[in-house]
Every structure is written in structure tokens, then in C-alpha cells.
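Trainee: what's the 3D shape of this:
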Amino acid sequence: MRYYSVHAPLGEPISPERFAFIKDGFSWPALFLPVLWTIWHRLWLTMVWYVVFVLAIAWIGRLMSQDAATIMALLGAVLLALEANNIRRMALEKRGWEEIGASFGRNISEAEARFFATGLELMDPRDRRAAILRAAYASEPGPETSEEPILGLFPEPDK
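Mentor: Model (predicted):
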């Protein structure tokens, strides 16, 4: 299960379409396509710093050896991928967004379903631990009962 922090803009009415779910952990797109990743998430300052980093690595490669530059470039790319989602969180905070809760799920769709299944009353950031626990242990949304026959060893569902 992955942990997702949920962010919403301050000062606006609560609108689930505006929520941002940010996964905690390593970001593969930031590792392989860092410039496109920063453009996609509108992290302009991060992109500028990444370009400066790449130019510094190219300069080090000319002064020293290509092996040293390659190792430094790989370490820098891994560091960016490790911190990419934290950079997104900080950028949202600077733009006036607030972390309103958290959720868990195998993917973002399941995390969204768990978060919205717990209801919007968990929007109080002061009660963050309880919100995380409610989202983590919320029942998965399942299909409603239907009149269609059930295939398998048990002909009728238990109620």
C-alpha cells in the first residue's frame, strides 16, 4: 500500500476536483524525465536548478573526467527522484495549498476512493492522525447488491 497526502487550496470552497493526491516515496518519472516532470507539475524553480545542476556536471566533465561527471549526474538524478514528491508538497504549500488529510491505496484511484469514502468531515488538519487512520482502514468501495446470478461455489451472497 502506498501513502498519499491530500492537499487542497486555502480560501476556496471545498471542491474534490481541486484536491491533489501526492504519493510518498520515489518518483520514477522524475528519475527518467526530470525536465518534463518539472514542467508537468509547474515547478519552474526546480527546473531552473536542475538545468544549472546539469550545466555544472557538464563543466565538471570537461575539467575532470567523464567518469566523475557520470557518477555525480546519476547521484543527482536519484536524489531528485527521491525528493520529487516532497518538492511538490513544498511548492503547493508556497502556492497557498494545505494538507488536509491522507489516504492509503495500491494506486491513486484506490486512495481517492478510500479518502472520499470516509467523508469530508476529516478536513480538520488538527486531527490528522485520526484522519489517516480512518482513511487507512476504510472499507473498500464495492459493488452494490444486484439481482444478477453469482457464479462460483456459493450461489447466494451472505447478508
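
Trainee: and for residue 30, nearest residue in space, chain neighbours not counted?
Mentor: Closest residue to residue 30 apart from its sequence neighbours, by C-beta to C-beta, 6 or more residues apart in numbering: residue 84 at 3.7 Å. Bear in mind the C-beta positions are built from the backbone N, C-alpha and C, glycine included.

Trainee: can you get me a residue count around the one you found?
Mentor: By other C-beta atoms under 10 Å, the residues close to residue 84 number 25.

Trainee: show the pLDDT at residue 148.
Mentor: Residue-level confidence at residue 148 comes out at 60, pLDDT.

Trainee: how about the contacts made by the residue nearest to residue 30?
Mentor: For residue 84, the contacting residues are 27, 30, 37, by C-beta atoms under 8 Å, 6 or more residues apart in numbering.

Trainee: out of those residues, name the ones that lie in helices.
Mentor: Among the contacts of residue 84, the ones falling in helices (DSSP state H) are 30, 37.

Trainee: among the contacts of residue 84, name the buried ones.
Mentor: Burial by neighbour count, judged by 16 or more other C-beta atoms under 10 Å, picks out 27, 30, 37 from the contacts of residue 84.

Trainee: now pLDDT too, for those, in TSV please.
Mentor: Output for the buried ones among the contacts of residue 84, formatted as TSV (pLDDT from 0 to 100):
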residue	pLDDT
27	94
30	95
37	95
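
Trainee: related to what we said a few turns ago, from the contacts of residue 84, which single one is nearest residue 101?
Mentor: Distance to residue 101, by C-beta to C-beta, is smallest for residue 27 among the contacts of residue 84, at 21.0 Å.

Trainee: for the closest one, give me phi and psi.
Mentor: phi -110, psi 110 (degrees, to the nearest 10).

Trainee: can you name every helix or strand that the host helix or strand of residue 104 contacts?
Mentor: In this assignment (DSSP states H and E), residue 104 forms part of strand 97-105. If you count contacts as 3 or more C-beta pairs under 8 Å, 6 or more residues apart in numbering; DSSP states H and E, strand 97-105 packs onto strand 2-9, helix 108-117, helix 128-136.
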